[in-house]
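**Student:** Here is a sequence with its predicted model. Questions after.
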Amino acid sequence: MSESGMHAITNGKLDKVSDGLPNGVESNDSGPVQFESVDFGLFNEKIHLQVHNLNGGMSAVKSAVEKITETFNQYGEMVKTVDERYSAGQDLEAQVQELEDRNDWLERKMGKMKQSHQVQLRNERIQLEKEISGLKSQAASGQQEKQKYEELIKALRKEHERAIQEVQKGLDLKKTQLEKDNEEHIAKLEAKNKELEKTQTTTERKLEEMTKMRDRERETRETMQSKADAEIQNLKYELASVKAKYEVQRLPVEHYAERYKELVDSVASIADEYFSELPEEAIDDPAGTYKQLKNKRSAFDTVPITQSECARVLRLAHVQNIIFNVIGETVWPLFFSRYLLKNRKDRSLINDIYSQLATDGEEIQNDWKISTLKVLDRLDNGVDVGEKIRDAIDVRVVQVLEPLLGEKNKADFGTELKKVFTVAMELSQEWRRDRSPVYFDMSPSADSGKGWKEFSVGFDVEDAPNPSLIACREGAFDPLCVSPRLYRKRETETATGGSDPVEDELVHPGVALFPSTGIFQKGWIEWQGLRDAEREMRKAYTGKARRASIASTNTGMGVSPPGSQLVRPSKTWQSPTKTEYD
């Protein structure tokens, strides 16, 4: 067996022989080669002899191979096991030798480290002794410093004691001087005390005289109070009669809600009748109409001059907003007066007084309101404000909405509005006399809070853009009041023993357009799209005209430019300039 374990017979890798042949030897089942029938000519005998010998050798080889195969099959497993164990023993011997070599290396390494540590320990001991020696030297010098400072402390103590003695002497001198000075001051105080005693005696005598005078005045005041009480009682009777005439008891909410709903429906009906459709003038010149409206009222910048449903909703909302704004500023103030309106008097002072009287209590504030209304009614007697209201309607409503009205509708629209203003004035005069007045609110909150409804609900406005995903113009859109919210102030909890005011009582909800619906963005985008389309059309028209002019110049007088009717914009868009949109 070789050392490498790779001997041809004992290498442990010899497979079991099958079919009676070892590995690498092919089986020859064809038997001896037969050449008797073949004639090889001159070499026929030699070749037949060699073939005969070859057949005999092949028979002997085959017999030998069969025996070897039998031997291999019998002892092959044993040889393989022995070879594997031999190989494992050699591996263990190699590992043992490697561990012994490593152990020797570690012992040498540890010896060197011990020697190195001993040298380092000796050096550190020497260094430590030097440091101890230095510290001892410092301790000796520190002891000297200690003695030096102890002597210095003793000297400072002596100096401090001398300073204390000197200060004590100075204090004694000052004490003596102050005692002398106080003797004179005490004498002055005693003299002043005597003067005060004399003054007290005089004051007590005057107080007694004033007390007697007060008693006489009290008797006189009681007499006058009795007379005043009688006069107040008479005034109360007169005030009660005035209240019976000028004050209405607290009417239920339903009463005002029904009348106000009729007014709102009237305004909505008028707006729908006159502004639901655009006049021919606006259809023919939308850009000019848009410019006029925007110049008169900037809020119209989101209202496209088109026949779309979105434009119609925005148009009706702005019209009603304008009407109710004028109503609120002319005939709905709490202290509305025909006399003040006709003579252009300022009502702000009356409103300020009424607001400040709230701190004096509800009764006083209400009594003052009734007396003021009585005076205003006396001033209003025989005063006609029809012309003033008509002027307000013409200037602040009709003229503003004139581009959307058409010339033929102006007179009828003004007449209808005058009827609405008359009803609104009657309603205002009724609710201001109420024990609990009714107020109106035209400022809806951005989040469409309680007491407000959305105006566009019920209209066919679709595909409004998400307002959070679009930035149409500079600044955010504000809610637009279409009809005011009507409310009255509830009695506060303070009057019933509480501390915080309660919520206002809703008489009729307001209606508004809120930006959250996206209708403002839709209108603005619709108008911008039309404006951009017209600009492109105007550019195309200008470009074609320029090219036609160049063509006629290049070809001479024989070719004329194309007719203007071929490239002229439509009648609806009359080639406006950019400023007409802004």
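**Tutor:** In hand now; what should we look at?

**Student:** show me where the stretch 101-250 of the chain has strands.
**Tutor:** With DSSP state E, counting those that start in this stretch, there are no strands along the stretch 101-250 of the chain.

**Student:** what about it, any weak spots by pLDDT?
**Tutor:** Screening the stretch 101-250 of the chain residue by residue with the criterion pLDDT under 70, one finds the ranges 237-249.

**Student:** can you give me the helices in it?
**Tutor:** When secondary structure is read from DSSP state H, counting those that start in this stretch, the stretch 101-250 of the chain shows no helices.

**Student:** Repeat that for the stretch 301-450 of the chain.
**Tutor:** Listed in chain order (using DSSP H, counting those that start in this stretch), the helices of the stretch 301-450 of the chain are 309-330, 338-342, 348-356, 362-380, 386-393, 399-405, 410-432.

**Student:** Worst mean pLDDT among those?
**Tutor:** Taking the average pLDDT of each of these, the minimum falls on helix 338-342, with a mean of 76.

**Student:** gap between residue 168 and residue 350?
**Tutor:** Using C-beta to C-beta, to the nearest Å, residue 168 is found at 82 Å from residue 350. Where you see a C-beta, it was placed from the backbone N, CA and C, and this is true even at glycine.

**Student:** What of residue 323?
**Tutor:** Here the distance between residue 323 and residue 350 works out to 26 Å (C-beta to C-beta).

**Student:** go on, residue 163?
**Tutor:** Applying C-beta to C-beta, the value for residue 163 to residue 350 is 82 Å.

**Student:** Neighbour count for these two, which is higher?
**Tutor:** Comparing residue 163 with residue 350 by neighbour count (other C-beta atoms under 10 Å), the higher total belongs to residue 350, at 20 against 10.

**Student:** close enough to count as contact, the more buried one and residue 356?
**Tutor:** No. At 11.1 Å, residue 350 and residue 356 do not qualify as touching, with contact defined as C-beta atoms under 8 Å.

**Student:** joint contacts of the two?
**Tutor:** Residues within reach of residue 350 and of residue 356 at once, by C-beta atoms under 8 Å, 6 or more residues apart in numbering: there are none.

**Student:** Just the endpoints, please. Distance across stretch 275-286?
**Tutor:** Criterion C-alpha to C-alpha, to the nearest Å; first-to-last residue distance in stretch 275-286 is 15 Å.

**Student:** quick one: buried residues of that stretch?
**Tutor:** By neighbour count, with 16 or more other C-beta atoms under 10 Å as the criterion, the buried positions of stretch 275-286 are 275, 278, 279, 281, 282, 285, 286.

**Student:** go on, stretch 394-404?
**Tutor:** Those buried within stretch 394-404 under the rule 16+ other C-beta under 10 Å are 396, 397, 398, 400, 401, 402, 403, 404.

**Student:** Which one of the residues you listed is nearest to residue 196?
**Tutor:** Distances from residue 196 to the buried residues of stretch 394-404, taken as C-beta to C-beta, are shortest for residue 396 (77.0 Å).

**Student:** Please name the residues that touch the closest one.
**Tutor:** Going by C-beta under 8 Å, 6+ apart, residue 396 touches 322, 326.

**Student:** who touches the nearest residue to residue 336 once chain neighbours are set aside in this structure?
**Tutor:** Computed as C-beta to C-beta, 6 or more residues apart in numbering, the closest residue to residue 336 that is not its neighbour in sequence is residue 428, at 5.7 Å. For residue 428, the contacting residues are 331, 332, 333, 336, by C-beta under 8 Å, 6+ apart.

**Student:** Just the buried residues of those residues.
**Tutor:** 331, 332, 333, 336.

**Student:** distance of residue 488 from residue 84?
**Tutor:** Here the distance between residue 488 and residue 84 works out to 110 Å (C-beta to C-beta).

**Student:** More neighbours: which of those two?
**Tutor:** Ranked by neighbour count (other C-beta under 10 Å), residue 488 and residue 84 place residue 488 first, with 19 against 12.

**Student:** For the more buried one, name its beta-bridge partners.
**Tutor:** Using DSSP bridges, the beta-bridge partners of residue 488 come out as residue 438, residue 505.

**Student:** which residues does it contact?
**Tutor:** By C-beta under 8 Å, 6+ apart, the contact list for residue 488 reads 253, 434, 436, 437, 438, 439, 504, 505, 507.

**Student:** rerun that using 7 Å as the cut-off
**Tutor:** Under the criterion of C-beta atoms under 7 Å, 6 or more residues apart in numbering, the neighbours of residue 488 are 436, 437, 438, 439, 504, 505, 507.

**Student:** Selection in ChimeraX covering whichever of those are buried, please.
**Tutor:** Of the contacts of residue 488, the buried ones can be selected in ChimeraX as follows, counting by 16+ other C-beta under 10 Å:
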select :436,438,439,507
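
**Student:** and which of the buried residues of stretch 394-404 is nearest residue 115?
**Tutor:** Within the set of the buried residues of stretch 394-404, residue 400 lies nearest residue 115; the separation is 110.7 Å, counting by C-beta to C-beta.

**Student:** What sits closest to the closest one if chain neighbours are left out?
**Tutor:** Once flanking residues are discounted, residue 400 sits nearest to residue 296: 4.8 Å by C-beta to C-beta, 6+ apart.

**Student:** what about the one you found, neighbour count?
**Tutor:** The local packing of residue 296 (other C-beta under 10 Å) involves 14 other residues.

**Student:** What of the one 5 residues further on?
**Tutor:** Using other C-beta under 10 Å, residue 301 has 17 other residues around it.

**Student:** wait, what's in contact with it?
**Tutor:** Taking C-beta under 7 Å, 6+ apart as the definition, contacts of residue 301 comprise residue 294.

**Student:** Could you report the distance from it to residue 350?
**Tutor:** Residue 301 sits at a distance of 37 Å from residue 350 (criterion: C-beta to C-beta).

**Student:** Residue 228 now?
**Tutor:** Taking C-beta to C-beta as the criterion, residue 228 is separated from residue 350 by 28 Å.

**Student:** got it, and residue 317?
**Tutor:** Residue 317 sits 33 Å away from residue 350, taking C-beta to C-beta as the criterion.

**Student:** Kindly report the same for residue 214.
**Tutor:** When C-beta to C-beta is applied, the distance between residue 214 and residue 350 equals 41 Å.

**Student:** and what of residue 376?
**Tutor:** Applying C-beta to C-beta, the value for residue 376 to residue 350 is 9 Å.

**Student:** what touches both of the two?
**Tutor:** In contact with both residue 376 and residue 350: residue 335, using C-beta under 7 Å, 6+ apart.

**Student:** give me the number of residues near residue 220?
**Tutor:** A count of nearby residues for residue 220, using other C-beta under 10 Å, gives 10.

**Student:** likewise residue 117?
**Tutor:** When counting by other C-beta under 10 Å, one arrives at 10 neighbours for residue 117.

**Student:** And for residue 193?
**Tutor:** Using other C-beta under 10 Å, residue 193 is surrounded by 9 other residues.
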